[in-house]
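Next one to model:
(2 chains)
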Protein chains: 2
Amino acid sequence: MQQRSEETRSHILEAAVKQFSVHGFNKASVDSICEQAGVSKGAFYHHFRTKQDVFLALLDGWLQTFDQAIRASKDRPVPETFQMMTEYFPYIFESASDNLPMFLEFLQQASRDETIWQASIAPYRRYHKHFAALIKKGIAEGSFVDVDPNLAARLIVSAAMGLLLQSLLDPEGAKWDKVARETVQLMMKSLVKE
Amino acid sequence: MQQRSEETRSHILEAAVKQFSVHGFNKASVDSICEQAGVSKGAFYHHFRTKQDVFLALLDGWLQTFDQAIRASKDRPVPETFQMMTEYFPYIFESASDNLPMFLEFLQQASRDETIWQASIAPYRRYHKHFAALIKKGIAEGSFVDVDPNLAARLIVSAAMGLLLQSLLDPEGAKWDKVARETVQLMMKSLVKE
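Numbers count the residues shown, from 1 in each chain, chains lettered A, B, ... in the order given. From the prediction side, this is the model:
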């Protein structure tokens, strides 16, 4: 029973991605999502209160890949933590490819809807804090040079957003997961004490 | 006469920004742009062939601020060139603020329309090449450490795109022109030979 309910939820989420990508958030309806998913409206409302709820669940699911990556090996020395993070890059860039329309929908809705804006802004502020804390830890344990942790964290988050955006806009322009891994190594070179 | 024609052109461009931002590219029409600008359709077609033409002119105008910044003092030593570039940041971030809807329209149309995609991708590929050449020059003149110019250029372009996107999404989240200037200084610290 539990398993069937989980399956229904995934069907709804998959259908919603299609509807939002093709028709945009505003034009997609609970009806069209149910029809595409092959589920009843009763089943839909068992899992989600509103169309916006589904949208937020999709945003959340997308961010979980990042969250897994930044939680990687958090008890190791900091340079190693960064190194292990890069192992998630192939998954991150793979799951991002073909998702440009959905990513733009997130941005579009964030610019129009306060709740979605909060949900979109919160994660990258959280990533900023996380990286600032990690760099502070690196300085304290003696593996990192003395740098402004907030500033270095901004650079990391900005570079990550920029790489992701470029990979979405220009998937064939580079091997993005490789570029991202090498970019981390380049930044590490300037952060790690020799 | 020349001056009046230039004024008409700016009126059309200003009206187009409003129409595209509020209604989106698809719903905005040449009629609505003319009405908003207070110009005749004849005057419109004297300046632009199509609605897409206006859109591309806006994209082009937006990029000119960047182009001015990266051309700054190109005959000076490379670290100085980077330094002088940062003086344009207040203008860049100021002109970006309040332009999130228009920026998203650029991305949205780029994902749907081959001509606009080409026009959107071309500039950042150009910036990438420009920075790679600049870093190469810095290494050759002996002011930069030995680094992979392509990789360092990717980092610079990615960080710039990420900072710009963050400033659009979260204008109150930081003093973005200051953050951008400090980020350049941080990157310079790792590039410039001691």
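
Only C-alpha atoms from now on, for both contacts and neighbour counts.
Fine.

Can you check the pLDDT for residue A:25?
Residue A:25 carries a pLDDT value of 83.

next one: residue A:110
pLDDT, residue A:110: 80.

mind checking how far the helix or strand it falls within is from the chain centre?
Counting by DSSP states H and E, the element that carries residue A:110 is helix A:100-112. In terms of C-alpha atoms, centre = their mean, to the nearest Å, the centre of helix A:100-112 is found 13 Å from the chain centre.

Now do it: which elements does it pack against?
In terms of contacts (3 or more C-alpha pairs under 8 Å, 6 or more residues apart in numbering or on different chains; DSSP states H and E), helix A:100-112 is packed against helix A:2-27, helix A:114-140, helix B:100-112, helix B:149-169.

Show me what the worst-scoring helix or strand of chain A on mean pLDDT is packed against.
Every helix and strand of chain A was ranked by mean pLDDT, DSSP states H and E. The lowest is helix A:89-96, at a mean of 75. Contacts defined by 3+ C-alpha pairs under 8 Å, 6+ apart place helix A:89-96 against helix A:51-71, helix A:149-169, helix A:176-191.

What sits closest to residue A:142 if chain neighbours are left out?
residue A:193 (7.7 Å; C-alpha to C-alpha, 6 or more residues apart in numbering or on different chains).

Pull the contacting residues for the one you found.
Each residue near residue A:193 by C-alpha atoms under 8 Å, 6 or more residues apart in numbering or on different chains is listed here: A:142-145.

Chain B versus that one, what's the distance?
With distances taken as C-alpha to the nearest C-alpha, to the nearest Å, residue A:193 is found 12 Å from chain B.

mind listing what the residue nearest the centre of chain A touches?
Central residue of chain A (C-alpha atoms, centre = their mean): residue A:63, 3.3 Å from the mean position. Neighbour list for residue A:63: residue A:123 [criterion: C-alpha under 8 Å, 6+ apart].

Domain parsing of chain A, as residue ranges.
Listed by automatic domain parsing, the domain ranges of chain A are A:1-48, A:51-191.

weakest of those in terms of mean pLDDT?
In terms of mean pLDDT, the lowest-scoring of the domains of chain A is domain A:51-191 (a mean of 85).

How far off centre is it?
Offset of domain A:51-191 from its chain centre (C-alpha atoms, centre = their mean): 7 Å.

likewise stretch A:36-56?
The answer for stretch A:36-56 is 22 Å, by C-alpha atoms, centre = their mean.

can I get the CA coordinates of it in CSV?
As requested, the backbone C-alpha atoms of stretch A:36-56 are provided in CSV (Å, rounded to 0.1, in the frame of the first residue of the first chain):
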residue,chain,number,x,y,z
GLN,A,36,-1.0,13.0,-17.9
ALA,A,37,-0.2,11.0,-14.7
GLY,A,38,-3.2,8.7,-15.1
VAL,A,39,-4.4,9.3,-11.5
SER,A,40,-7.6,10.6,-10.0
LYS,A,41,-8.0,14.0,-8.5
GLY,A,42,-8.7,12.3,-5.2
ALA,A,43,-5.2,10.7,-5.4
PHE,A,44,-3.7,14.0,-6.4
TYR,A,45,-5.1,15.8,-3.3
HIS,A,46,-4.1,12.9,-1.1
HIS,A,47,-0.5,13.9,-1.9
PHE,A,48,-0.6,17.6,-2.6
ARG,A,49,-2.8,20.5,-1.5
THR,A,50,-2.2,22.7,-4.6
LYS,A,51,-0.4,23.0,-7.9
GLN,A,52,2.1,25.2,-6.1
ASP,A,53,2.8,22.3,-3.6
VAL,A,54,3.8,20.1,-6.5
PHE,A,55,6.0,22.8,-7.9
LEU,A,56,7.8,23.2,-4.5
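
Tell me the buried residues in stretch A:40-56?
A:44, A:51-52, A:54-56 (16 or more other C-alpha atoms under 10 Å in any protein chain shown).

Between the residues you listed, which sits nearest residue B:108?
The nearest member of those to residue B:108, counting by C-alpha to C-alpha, is residue A:55 at 18.3 Å.

Check the burial of the residue nearest to residue A:47 when sequence neighbours are not counted by counting its neighbours.
Closest residue to residue A:47 apart from its sequence neighbours, by C-alpha to C-alpha, 6+ apart: residue A:9 at 6.6 Å. Residues within reach of residue A:9, counting by other C-alpha atoms under 10 Å in any protein chain shown, total 20.

do residue A:12 as well
For residue A:12, using other C-alpha under 10 Å, the count is 24.

who touches it in this structure?
Shown in contact with residue A:12 (C-alpha under 8 Å, 6+ apart): A:33-34, A:37, A:39, A:44.

Report the contact partners of the spatially closest residue to residue A:107 that is not a sequence neighbour.
In space, residue A:107 comes closest to residue B:104 once its chain neighbours are excluded; the distance is 7.5 Å by C-alpha to C-alpha, 6+ apart. Counting by C-alpha under 8 Å, 6+ apart, residue B:104 makes contact with A:104, A:107-108.
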